[in-house]
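Peer 1: my questions are about this predicted structure, shown below with the sequence.
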Amino acid sequence: MALIITGHDRSGTTLLRKLINQHPEMAITDEFGSFSPTGLSYRKYGRRMLRWRHVQNRYLFDNDYTNRKLRRYSNLLFNTTFLLRLFEYRRSKITAASVEAALHKMYPQSKVVGDKRTHYMTDLNRLLSSDDLSGIIIYRDCRDVTSSFLTRAKADWKNSEWVMKMNTAAAVARRWVKYIEVMEQAQGRLYTIRYEDLVQEPQAELAALGTWLGVAPDGFSCSDVRANGIGKYRKGLTEDELNEVLEIAGPTMARYGYIQ
């Protein structure tokens, strides 16, 4: 199976990927973006992929590489190896199936392979139109998403150009609503996980996910899961910011049980 993990930034996509990667039957790369350029020729696809995905001023493709000093070079090696594995499909357009085959060659022991990237949300309908690709979306209380996002925007992400358009509570709340609408439009073609349920009942949530993925439901480790991220917006958002979030996202939040 080929799988993408996505959702709004600060919704728990990184935690979910970590939990999935601890399962012996799965291997999910991080922000590799390997499914975004599908539909292109091999040459155009390769050019897109060789423009390294730059995330938080680090290169984060493959979880096997943990030495930050070597990360840049090890990820270039990883990307190059991946493109070599994909070379046999050069005579036709690159598809989700061919990307899956190349990833399986890199992770031969894994039944499920894929990639985690929040940006997949912007192209989700096209990506999931392929029968060869499955998706998981994790969503979280808009207030906590906004609080966490703005905290990172003021610190680690402050020099990122894309953050300049997303540095207010209103901007984050509007995008959260938009992404929930995208998720709803794709219902039936993906698996959805509520962040709060995952961190409060990890064993049950992961067992259900394992059943859906067709892997051993008891193959996950929950030792790293903490529920202390729920409700942190109370200290992270000002009263004005909280009011902005509720004005924009309140009706959607109510439908999902976050507010009465």
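Peer 2: Yes, it's here. Note that the structure is a prediction, hence the values are computed from the model and not measured. Numbering: from 1, shown residues only.

Peer 1: the helix or strand hosting residue 244 - what's its average pLDDT?
Peer 2: Element membership for residue 244 (DSSP states H and E) is helix 239-255. For helix 239-255, mean pLDDT rounds to 98.

Peer 1: show me where pLDDT drops low in the stretch 51-200 of the chain?
Peer 2: 51-72, 158-159 (pLDDT under 70).

Peer 1: ok, now with 50
Peer 2: Scanning the stretch 51-200 of the chain for pLDDT under 50 picks out the ranges 53-60, 62-66.

Peer 1: and the helices in it, which stretches?
Peer 2: 68-86, 96-106, 124-127, 142-154, 169-185, 195-200 (DSSP state H, counting those that start in this stretch).

Peer 1: any idea which of these is most buried?
Peer 2: Across the helices of the stretch 51-200 of the chain, averaging neighbours per residue (mean count of other Cβ atoms under 10 Å) puts helix 142-154 on top, at a mean of 22. From N, CA and C alone the C-beta is placed, and that goes for glycine too.

Peer 1: ok so residue 219 is a strand residue?
Peer 2: No - with DSSP: H, G, I helix; E, B strand; the rest coil as the criterion, residue 219 is coil rather than part of a strand.

Peer 1: and residue 223, how many neighbours does it have?
Peer 2: By the criterion of other Cβ atoms under 10 Å, residue 223 has 8 neighbours.

Peer 1: ok, now residue 129?
Peer 2: So residue 129, with other Cβ under 10 Å, has 11 neighbours.

Peer 1: and the one 10 residues further on, by the same measure?
Peer 2: Here the count is done by other Cβ under 10 Å, and residue 139 has 21 residues near it.

Peer 1: what's the answer for residue 47, then?
Peer 2: Neighbour tally, residue 47, other Cβ under 10 Å: 12.

Peer 1: still on that earlier bit, from the chain's centroid, how far away is the helix holding residue 244?
Peer 2: 24 Å (Cα atoms, centre = their mean, to the nearest Å).

Peer 1: so what angle separates the directions of that helix and helix 169-185?
Peer 2: Going by axes from the mean of the first three to the mean of the last three Cα atoms, to 10 degrees, helix 239-255 is angled at 10 degrees with respect to helix 169-185.
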